[in-house]
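Asker: How does the following fold in three dimensions:
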Amino acid sequence: MFPELTLVLGGAASGKSAFAEGLAKGSGRGLIYLATAEVRDNEMRAKVYKHRQMRGQGWKTVEAPLDLGPVLNRAPGDHVVLLDCATMWLSNHMLAESDLTLAEAELMTALSLAAAPVIVVSNEVGLSVVPENALARAFRDAQGRLNQKLATKAGLVVNVIAGLPQVLKGTLP
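Answerer: Residues are numbered from 1 along each chain as shown. Modelled structure (predicted):
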């Protein structure tokens, strides 16, 4: 049985996206990639290109940097949605000076109402040094709170370190 919500955590370049993609492919369902990154420079453009190449064929990609609800609401139940990633989504909202409480509540509602199972990829940002500036500290704290909310709601939570999955909650399908 595939959980309604799976959270895949990890640090930068930990292998979390590749692991999440493998989970989605292994589900035997149609594949929807919900991309939250906004391409603002050549480095990000190259990263997005690399991710698309790694995913390969068979994915329907939908770009939604802020409003995830409509995509989650339209996803058919015989598909799986890979939301990559919650960290970029949160960053986008902070840069847009959104009401984070409202944005998170809308995301949690959309996840609850989604007909398709959802795999959320998110960065674990609380394991490194304390950031030196207020915005970075606010982001770290907001990301930690978001991850906790997602982990509470998820039936499966996996932490990926050096490409190796550690199941924190639930059982791998």
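
Asker: Please look at Asn73 and Ala116 and confirm they touch.
Answerer: No - assessed by C-beta atoms under 8 Å, Asn73 is found out of contact with Ala116, at 9.8 Å. For every residue, glycine as well, the C-beta is placed using N, CA and C.

Asker: higher neighbour count, the two?
Answerer: Set side by side, Asn73 and Ala116 show more neighbours around Ala116, with 20 against 13, by other C-beta atoms under 10 Å.

Asker: Need phi/psi at the residue nearest to the more buried one when sequence neighbours are not counted.
Answerer: Counting by C-beta to C-beta, 6 or more residues apart in numbering, Ala75 is the residue found nearest to Ala116 once chain neighbours are left out, at 3.9 Å. Backbone torsions for Ala75, taken as degrees, to the nearest 10, come to phi -70, psi 120.

Asker: Against Ile32, how distant is Ala75?
Answerer: Ala75 sits 6 Å away from Ile32, going by C-beta to C-beta, to the nearest Å.

Asker: between the two, what contacts are shared?
Answerer: Residues touching both Ala75 and Ile32 by C-beta atoms under 8 Å, 6 or more residues apart in numbering: 81, 116.

Asker: Name the spans of this structure whose pLDDT lies under the cut-off.
Answerer: Residue ranges of the chain with pLDDT under 70: none are present.

Asker: all helices of it, in order?
Answerer: Remark: helices assigned in the chain by DSSP state H are 16-26, 42-55, 69-74, 86-95, 100-113, 134-153.

Asker: Mind putting those helices into CSV with distance to Thr36?
Answerer: Formatted as CSV, the helices of the chain follow (distance: least, C-beta to C-beta, whole Å):
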stretch, distance to Thr36
helix 16-26, 12
helix 42-55, 11
helix 69-74, 10
helix 86-95, 4
helix 100-113, 11
helix 134-153, 12
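
Asker: Looking at those helices, spot the one closest to Leu7.
Answerer: helix 134-153 (4.8 Å; C-beta to C-beta).

Asker: Give me the angle between that closest one and helix 86-95.
Answerer: Helix 134-153 and helix 86-95 are oriented at 130 degrees to each other (axes from the mean of the first three to the mean of the last three C-alpha atoms, to 10 degrees).
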